[in-house]
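Enquirer: sharing a sequence plus its predicted fold:
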Amino acid sequence: MVVRAAVDHTSYIANSRASLEALKSANLLKSLNINAIIIGECGTGKETLAKFILPKAQVVDGRSLSEVLSFISTNDLIIIKNFDKISNYQKLQNAIDEYKTRVIATSRTELLDRISSDFFSLKITIPPLTQREEDIEPLVNKFFKEVSTIFGNDSSDVSLKDLNLDLSRNCHSLRKSVYAKYLISSFCEEDVMQVMEEFLSKKLGGRNDYRNQLYLFDVPMLRSGFKKFNSQLNMSEKFGLNRNTLRKKINDYKDKYKLQ
């Protein structure tokens, strides 16, 4: 088995086979004067790769055709994100032909073959992170370095073992989960209470508020208990709760909050 070193080009992590193939195509595009489109879900790194290809190009959103046309008329190079949201492809084609502007585009969805072939000579597809497992750990390390730089602390004491990686929105949700882990690990009791105070201040105002918000204490306590003590018997002893009382609490929350 060949282990590849992670490559970071202007923040584009390439460790998986799919990412390395995308980076190879991007390097080719840096030397060719052709238009290309990058397809992928939200947070897969489309815009980062586009900026790697055209680092000096302006970025414009395809949801505003007037703005796109304005940028084309004043720039030799342009990155159009959300290309699938263009409202009039014929107007866009006419403008590109008139001003000879080079375009690198990004899209979350596949285009019709006719549109794709009319505008682009090359298509790069970036799969979601769930299909690029080799990229996840380098990205986690990158995001930890980011957050430690922002807050001025060394992140080396933060364990990745208990990190709940959220890949639902690829890099966007992964970055959020890393930042959350870093911040939570640095919280003291006063920080936790301040967060809870601000959170609760937005929820209070109805009847039975105290009882209705108890789950915010009970659920984290029960989840932590399952992880630390492994059994309801041990939990009841450590918590100082009657086993029936503990079992009732678990049953109240287990379906909605996925207690096991």
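Expert: Cool, the structure landed. Numbers count the residues shown, from 1 in each chain.

Enquirer: now do the helices in the stretch 51-200 of the chain.
Expert: Taking DSSP state H, counting those that start in this stretch, the helices of the stretch 51-200 of the chain run over residues 65-74, 89-99, 113-119, 136-151, 171-185, 189-201.

Enquirer: dump these into a markdown table; add mean neighbour count and mean pLDDT as well.
Expert: Every C-beta, even on glycine, is put in place using the N, C-alpha and C of the backbone. As requested, the helices of the stretch 51-200 of the chain are exported to a markdown table (neighbours: other Cβ atoms under 10 Å; pLDDT from 0 to 100):
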| stretch | mean neighbour count | mean pLDDT |
| --- | --- | --- |
| helix 65-74 | 16 | 97 |
| helix 89-99 | 14 | 97 |
| helix 113-119 | 13 | 94 |
| helix 136-151 | 16 | 88 |
| helix 171-185 | 18 | 89 |
| helix 189-201 | 11 | 92 |
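
Enquirer: mind checking which of these is nearest residue 49?
Expert: Closest approach to residue 49 among these is made by helix 171-185 (11.7 Å; Cβ to Cβ).

Enquirer: now do the closest one: everything it contacts.
Expert: Contact partners of helix 171-185, identified using Cβ atoms under 8 Å, 6 or more residues apart in numbering, comprise 42-45, 129, 136, 139-140, 143-144, 146-148, 151, 155, 157-158, 162-167.

Enquirer: again with stretch 122-135
Expert: Outside stretch 122-135, the residues that reach it (Cβ under 8 Å, 6+ apart) are 4, 6, 13-19, 22, 25-26, 28-29, 34-41, 43-46, 49, 116, 136, 139, 167, 170-171, 174.

Enquirer: end to end, how far does that stretch reach?
Expert: Terminal residues of stretch 122-135 lie 24 Å apart, using Cα to Cα, to the nearest Å.

Enquirer: okay, buried residues for that stretch please.
Expert: Of all the residues in stretch 122-135, those buried under the rule 16 or more other Cβ atoms under 10 Å are 123-124, 126-129, 132, 134-135.

Enquirer: need the contact list for residue 53.
Expert: Each residue near residue 53 by Cβ under 8 Å, 6+ apart is listed here: 26, 29-30, 36, 104.

Enquirer: run the last query once more with 6 Å
Expert: Going by Cβ atoms under 6 Å, 6 or more residues apart in numbering, residue 53 touches 26, 29-30, 104.

Enquirer: quick one on the thing from earlier: out of the contacts of stretch 122-135, which are buried?
Expert: By neighbour count, with 16+ other Cβ under 10 Å, those hold 6, 13-16, 18-19, 22, 25-26, 29, 35-41, 43-46, 49, 116, 136, 139, 167, 170-171, 174 as buried.

Enquirer: which non-adjacent residue is nearest residue 121?
Expert: Nearest-residue entry for residue 121: residue 34, 4.2 Å, with adjacent residues in sequence omitted and distances by Cβ to Cβ, 6 or more residues apart in numbering.

Enquirer: how close does the one you found get to residue 87?
Expert: 25 Å (Cβ to Cβ, to the nearest Å).

Enquirer: out of the buried residues of stretch 122-135, the closest to residue 219 would be?
Expert: residue 129 (27.9 Å).

Enquirer: how far away is the residue nearest the centre of the chain from residue 128?
Expert: Residue closest to the average C-alpha location in the chain (Cα atoms, centre = their mean): residue 172, at 1.5 Å. Separation of residue 172 from residue 128 (Cβ to Cβ): 12 Å.

Enquirer: and residue 189, by the same measure?
Expert: For residue 189, the distance to residue 128 equals 38 Å [Cβ to Cβ].

Enquirer: my guess is residue 95 contacts residue 72. True?
Expert: Yes - between residue 95 and residue 72 a contact is recorded at 4.7 Å, counting by Cβ atoms under 6 Å.

Enquirer: having no further points to raise, I will conclude here.
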